[in-house]
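J.: take a look and give me a structure for this.
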Amino acid sequence: MSCSVVGAGVAHSASAIVAMAVNGSHVLKIDGYSRTKRLGNGKSIKSEPFDIGGHRWCIRYFPDGNYTDDAGWISFYLHLDHSNVAGVEASVMFSLLDHVVEPVPSYCLRYDVIRTFRSIGLGWGYRRFIQRKALEESTYLKDDCFWVRCDVTVFKEIRTKGTLQFVTVPPSDMNQHIGRLLSSGVEADVTFQVGDETFAAHRIVLGARSSVFMAELFGPMKEKGTSHIRIDDMEPRVFKAMLHFIYTDSLPEMDKGGDTYIMAQHLLVAPDRYGLERLKLICEHKLCDCINTSMVTTTLVLAEQHGCKGLKEACFKFLKSPGNLKTIMDRDDFQHLTSGCPSLLSELLANVAP
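T.: Residues are numbered from 1 along each chain as shown. From the prediction side, this is the model:
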């Protein structure tokens, strides 16, 4: 007896923190405003109830203010209209509406803080929403009517929930595929002779990554015989590292220490020659990690030659540390800096001087 499993898959777990908020609004029309004024201070009229966020609400309208010192003002409060509620977290905004039922900016009043509404008590709102005199002299009171809108945001309880993910998207591996194209040499259509070594490459990849290679290999000024190009001013391992970067957007693995420093030094030539700005920044970053008293002078000169502003600033910062400048001043390479790069020396002293 045999059996087989068809379509087996692995479910990956995941979870989510859910903090939901529900928004809603209610427009209240005060029709017959002049008659409501007779109600007096401290007396209110309750609106019809409305639902927002799973709760029933109402608006309390005080035509002559709620408190004694608010007489002459109109007050509005939002209130929970049902019992057996422990507390509802919400924020509220009242807005006076104009004759086209749009909010009047100067009368849009919001509580920036979240309030807890309960079924007992007055609720939350505005003791002094608008003066009666100001309303009566405005155009917002028309035919003895005016409108207000109450915007409510109800904040639900924060909760967590589990989810299942059957599809996991891996990180991009395009650089590995293009890198294998370089190492395999499949369909390579140009070779480079660098010292005693030959490197096969693809014109279209080189041109896509470097404007200089694009001009040399495809432009109107391209040289004859571009299927085989000789490079005389670069070491084979440096050219190989540059090709690796062009195909993979990264540098090959290098031994830590001096080899990293020397390779980064030599690779700084490539960005200037082939327009590889990202490679330049990567080399700067690696050289910043290698600054010490034995290499800082050489690194500073290199930064000046290739216009590496960040690397130069890192060298200046290193030389500001107590004792570092004094340590290098008696070295031969510093004497070379003094005689060969007077402008750089002046900039150095200006940056490290206390």
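J.: what helix or strand does Leu182 sit in?
T.: In the assignment (DSSP states H and E), Leu182 maps to helix 174-184.
J.: put the alpha carbons of that helix into CSV.
T.: The C-alpha coordinates for helix 174-184 follow below in CSV (Å, rounded to 0.1, in the frame of the first residue of the first chain):
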residue,chain,number,x,y,z
MET,A,174,18.2,39.7,-9.0
ASN,A,175,21.8,40.6,-8.2
GLN,A,176,22.6,36.9,-7.8
HIS,A,177,21.1,36.1,-11.2
ILE,A,178,23.0,38.9,-13.0
GLY,A,179,26.1,38.0,-11.1
ARG,A,180,25.9,34.4,-12.4
LEU,A,181,25.7,35.9,-15.9
LEU,A,182,29.1,37.5,-15.4
SER,A,183,30.7,34.4,-13.9
SER,A,184,29.3,32.0,-16.6
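J.: what's the helix or strand that that helix is followed by packed up against?
T.: Sequence order places strand 190-194 as the next helix or strand after helix 174-184, per DSSP H and E. Strand 190-194 sits against strand 197-201, strand 228-231, helix 236-248, with contacts defined as 3 or more C-beta pairs under 8 Å, 6 or more residues apart in numbering; DSSP states H and E. For the C-beta atoms, the positions are set from N, CA and C on the backbone; glycine is no exception.
J.: just these: most buried one?
T.: Sort these by mean neighbour count, taking mean count of other C-beta atoms under 10 Å, and helix 236-248 sits at the top with a mean of 19.
J.: by how many degrees do the helix or strand that that one is followed by and helix 236-248 diverge?
T.: Using DSSP H and E, the helix or strand that follows helix 236-248 in sequence is helix 258-267. Calculated by axes from the mean of the first three to the mean of the last three C-alpha atoms, to 10 degrees, helix 258-267 forms an angle of 80 degrees with helix 236-248.
J.: show me what helix 258-267 is packed up against.
T.: helix 236-248, helix 277-288.
J.: Phe62 is nearest to which of these?
T.: helix 277-288 (65.8 Å; C-beta to C-beta).
J.: so which bits of that closest one are buried?
T.: Neighbour counts over helix 277-288 (16 or more other C-beta atoms under 10 Å) mark 279-280, 282-284, 286-288 as buried.
J.: helix or strand for the closest residue to Lys161 other than its chain neighbours, just tell me which one.
T.: The shortest distance from Lys161 to any non-neighbouring residue, by C-beta to C-beta, 6 or more residues apart in numbering, is to Ala16 (5.5 Å). Using DSSP H and E, Ala16 maps to strand 12-18.
J.: and Arg56, by the same measure?
T.: strand 55-62.
J.: and the chain, what are its domains?
T.: Here the domain parsing of the chain from automatic domain parsing is 18-160, 172-278, 291-354.
J.: ok, Tyr140 to Ser95 distance?
T.: When distance is defined by C-beta to C-beta, to the nearest Å, Tyr140 is 11 Å away from Ser95.
J.: now swap in Asp233 and tell me
T.: Relative to Ser95, and taking C-beta to C-beta, Asp233 is found at 73 Å.
J.: and those two? which has more neighbours close in?
T.: Shown here are Asp233 and Ser95; by other C-beta atoms under 10 Å, Ser95 has more neighbours (21 against 7).
J.: doesn't that one belong to a helix?
T.: No: counting by DSSP: H, G, I helix; E, B strand; the rest coil, one finds Ser95 to be strand, located in no helix.
J.: near the closest residue to it other than its chain neighbours, how many other residues are there?
T.: The shortest distance from Ser95 to any non-neighbouring residue, by C-beta to C-beta, 6+ apart, is to Pro103 (3.9 Å). For Pro103, the count of nearby residues is 16 (other C-beta under 10 Å).
J.: where does the stretch 201-350 of the chain have low pLDDT?
T.: Across the stretch 201-350 of the chain, the ranges flagged by pLDDT under 70 are 221-226, 255-258.
J.: so what's His55 up against?
T.: His55 makes contacts with 80, 82, 85, 88, 154, as judged by C-beta atoms under 8 Å, 6 or more residues apart in numbering.
J.: and the closest residue in space to Thr116 that isn't next to it in sequence, how close does it get to Ile59?
T.: Excluding the flanking residues, the one nearest Thr116 by C-beta to C-beta, 6+ apart is Gly87, at 4.6 Å. With distances taken as C-beta to C-beta, Gly87 is found 19 Å from Ile59.
J.: of the two, which one has the most company?
T.: Ranked by neighbour count (other C-beta under 10 Å), Gly87 and Ile59 place Ile59 first, with 26 against 11.
J.: so what's the more buried one bridging to?
T.: Beta-bridge partners for Ile59, by DSSP bridges, are Leu78.
J.: just to check, it is in contact with Lys46?
T.: Yes: using C-beta atoms under 8 Å, Ile59 is in contact with Lys46, at 7.4 Å.
J.: quick one: common contacting residues for those two?
T.: His79.
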